[in-house]
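*Asks:* This is a predicted model, with the sequence first.
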Amino acid sequence: MSRVKVLRLGRKSFRETLRIQTDTAKTILEQLKSGVSQETVANTLILVEHMPVYTIGIRTKEYSSQTAAKLRSLGADFVVTDRGGLITFHGFGQLVAYPILYLGSFGNKSIKWYIHQLEKTVIDTVSCILKEIPVTVSTLDQYPGVWIDSNRKIAAIGVHAKRYVTTHGVAINCNTQMSWFDHIVPCGIEDKSVTSLSTESGREITIDQTEPNFLKAFQNVFKCELV
């Protein structure tokens, strides 16, 4: 069974967290190059809450400098990244998880498999928290992420991998201020909305309440030991 170190960063900027992600991935790649067994590399699960930021992935053509300036004027940062997917928002009240993993440690190097595992982790997390609410928590074939009743996105997923070492990850809206999403077309999907655990449940659900459920689901889905 692979071991994964849980690194809780608390509240931290996206740019600083991206540097930590990059450094962690570099360490794993160097370990693999040196011949360390794939079971003992420094697989790490980063948990963080970001200050307000809009991020985009590798498809940058749709976003002009004017768009970036407009979003920054709202009081948020704007960052171009190397993940998949289009524009999204990260901010207070959102649990963001960045698994920095060598996929070989988990017996499957398929990125499609990895994204499916992330989706399953989030589905199990959200389903546990909303178990008393009559909603369906699922994925959609045409769009990444996790959805409520197929039309309200509760979690975004965007990843990057280099030599089977992953960066970026998932963001679950807990008690996020949803008005931040009004200024963008989240993930480029025009005919669907975004939601949060608090919105769906009708009560305040915080990151601290969500995190234990996420860790339990992650451990079960990835069949790993969290340390």
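*Replies:* It's in.

*Asks:* what helix or strand is residue 221 on?
*Replies:* helix 207-222 (DSSP states H and E).

*Asks:* Give the rounded mean pLDDT of that helix.
*Replies:* The average pLDDT within helix 207-222 is 98.

*Asks:* Just the CA trace of that helix, in PDB.
*Replies:* Written as PDB, here are the backbone C-alpha positions of helix 207-222 (Å, rounded to 0.1, in the frame of the first residue of the first chain):
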ATOM      1  CA  ILE A 207     -13.800  23.500   4.800                       C
ATOM      2  CA  ASP A 208     -13.100  22.000   8.200                       C
ATOM      3  CA  GLN A 209     -16.300  20.000   8.100                       C
ATOM      4  CA  THR A 210     -15.500  18.800   4.500                       C
ATOM      5  CA  GLU A 211     -11.900  17.900   4.900                       C
ATOM      6  CA  PRO A 212     -12.200  14.700   7.000                       C
ATOM      7  CA  ASN A 213     -14.800  13.300   4.500                       C
ATOM      8  CA  PHE A 214     -12.400  14.100   1.600                       C
ATOM      9  CA  LEU A 215      -9.400  12.400   3.300                       C
ATOM     10  CA  LYS A 216     -11.400   9.300   4.100                       C
ATOM     11  CA  ALA A 217     -12.700   9.100   0.500                       C
ATOM     12  CA  PHE A 218      -9.200   9.700  -1.000                       C
ATOM     13  CA  GLN A 219      -7.700   7.000   1.100                       C
ATOM     14  CA  ASN A 220     -10.400   4.500   0.100                       C
ATOM     15  CA  VAL A 221     -10.500   5.300  -3.600                       C
ATOM     16  CA  PHE A 222      -6.700   5.400  -4.000                       C
END
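
*Asks:* Quick check: what element follows it along the chain?
*Replies:* strand 224-226.

*Asks:* counting residues per helix, which one in the protein is longest?
*Replies:* Longest helix of the chain, by residue count under DSSP state H: helix 14-34.

*Asks:* Which elements pack onto it?
*Replies:* strand 2-12, strand 44-50, strand 77-80, strand 94-100, strand 165-173 (3 or more CB pairs under 8 Å, 6 or more residues apart in numbering; DSSP states H and E). The way it works is simple: take the backbone N, C-alpha and C, and place the C-beta from them, glycine included.

*Asks:* contacts for the first one?
*Replies:* Applying CB atoms under 8 Å, 6 or more residues apart in numbering, the contact partners of strand 2-12 are 17, 20, 24, 39-40, 42-51, 92, 99, 101, 105-106, 215, 218, 222-227.

*Asks:* Likewise for the third one?
*Replies:* Counting contacts by CB under 8 Å, 6+ apart, the residues outside strand 77-80 that touch it are 13-15, 18, 51-56, 60, 68, 71-72.

*Asks:* Relative to residue 184, which of the residues you listed is nearest.
*Replies:* If you rank the contacts of strand 77-80 by distance to residue 184 using CB to CB, residue 54 comes first, at 6.5 Å.

*Asks:* and the helix or strand where that closest one lies, what other elements does it pack with?
*Replies:* If you go by DSSP H and E, residue 54 is part of strand 53-56. Counting contacts by 3+ CB pairs under 8 Å, 6+ apart, strand 53-56 packs against strand 77-80, strand 88-90.

*Asks:* Which positions within the longest one qualify as buried?
*Replies:* Of the residues in strand 77-80, those buried by neighbour count under the rule 16 or more other CB atoms under 10 Å are 77-78.
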